[in-house]
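Chemist: Here is my input; please provide its structure:
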Amino acid sequence: QVQMDESGGGLVQAGGSLRLSCAASGSIFSMYIRAWYRQAPGKQRELVATITNDGTTNYAPSVKGRFTISEEVAKNAAYLHTVYLQMNSLKPEDTAVYYCNVIWDGRPLLGWGQGTQVTVSS
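Modeler: Numbering: from 1, shown residues only. So this is what the prediction gives:
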């Protein structure tokens with residue numbers, strides 16, 4: 001079973017930056033496309049960014065050019081895989097709870113963690 005731990009959220013003014021982290025244990029996390037999602041109040045969860053094993057990244061149009069997804073893998077006994085989301089030039093519409101997951105067959109595969117709250121004030 002994969003456990004994901006999202007962190008790094010907070011309150012920031014518009015134009016500011018935050019770096020989110022998602023720490024996951026277990027090699028299964030590396031078998032699929034890694035992704036960040038977000039869910040704003042009253043809205044459906046949406047895909048924000050993805051990264052593949054060859055380093056290919058993709059972004060939602062609303063965040064392209066402002067957000068960067070990256071990752072690192074510690075190949076030790078715990079096989080800790082950390083996925084980051086660097087968020088720059090934040091806007092109030094970026095306010096949401098951010099979650100990480102992996103994608104299989106075009107859909108999130110794992111259960112959702114607690115997420116990390118990002119609040120951008122105007």
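
Chemist: The spatially most central residue of the chain in helix, strand or coil?
Modeler: Closest residue to the average C-alpha location of the chain: Trp36 at 2.8 Å, with C-alpha atoms, centre = their mean. What DSSP: H, G, I helix; E, B strand; the rest coil gives for Trp36 is strand.

Chemist: so what's it up against?
Modeler: Residues in contact with Trp36 (C-beta atoms under 8 Å, 6 or more residues apart in numbering) are 20, 22, 47-50, 69, 83, 85, 98-100. (C-beta placed from N, C-alpha, C; glycine too.)

Chemist: do you know how far Thr82 is from Thr68?
Modeler: Distance, Thr82 to Thr68, using C-beta to C-beta, to the nearest Å: 14 Å.

Chemist: oh sorry, the question was meant for Thr56
Modeler: 13 Å.

Chemist: These two: which has the busier surroundings?
Modeler: Comparing Thr56 with Thr68 by neighbour count (other C-beta atoms under 10 Å), the higher total belongs to Thr68, at 16 against 9.

Chemist: Can you work out which other helices and strands pack against the helix or strand hosting that one?
Modeler: Assessed by DSSP states H and E, Thr68 sits inside strand 67-74. If you count contacts as 3 or more C-beta pairs under 8 Å, 6 or more residues apart in numbering; DSSP states H and E, strand 67-74 packs onto strand 33-39, strand 46-51, strand 57-59, strand 80-87.

Chemist: Out of the ones you listed, which gets nearest to Gly26?
Modeler: strand 80-87 (7.9 Å; C-beta to C-beta).

Chemist: From Lys75, how far out is Asp94?
Modeler: 33 Å.

Chemist: how about low-confidence regions in the protein?
Modeler: 1, 76-79 (pLDDT under 70).

Chemist: Pretty sure Gly26 sits against Val73.
Modeler: No. Using C-beta atoms under 8 Å, Gly26 is not in contact with Val73, being 11.4 Å away.

Chemist: circling back: export the helices and strands packed on strand 67-74 to CSV and tack on distance to Arg107?
Modeler: As requested, those are arranged in CSV below (distance: least, C-beta to C-beta, whole Å):
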stretch, distance to Arg107
strand 33-39, 10
strand 46-51, 10
strand 57-59, 15
strand 80-87, 18
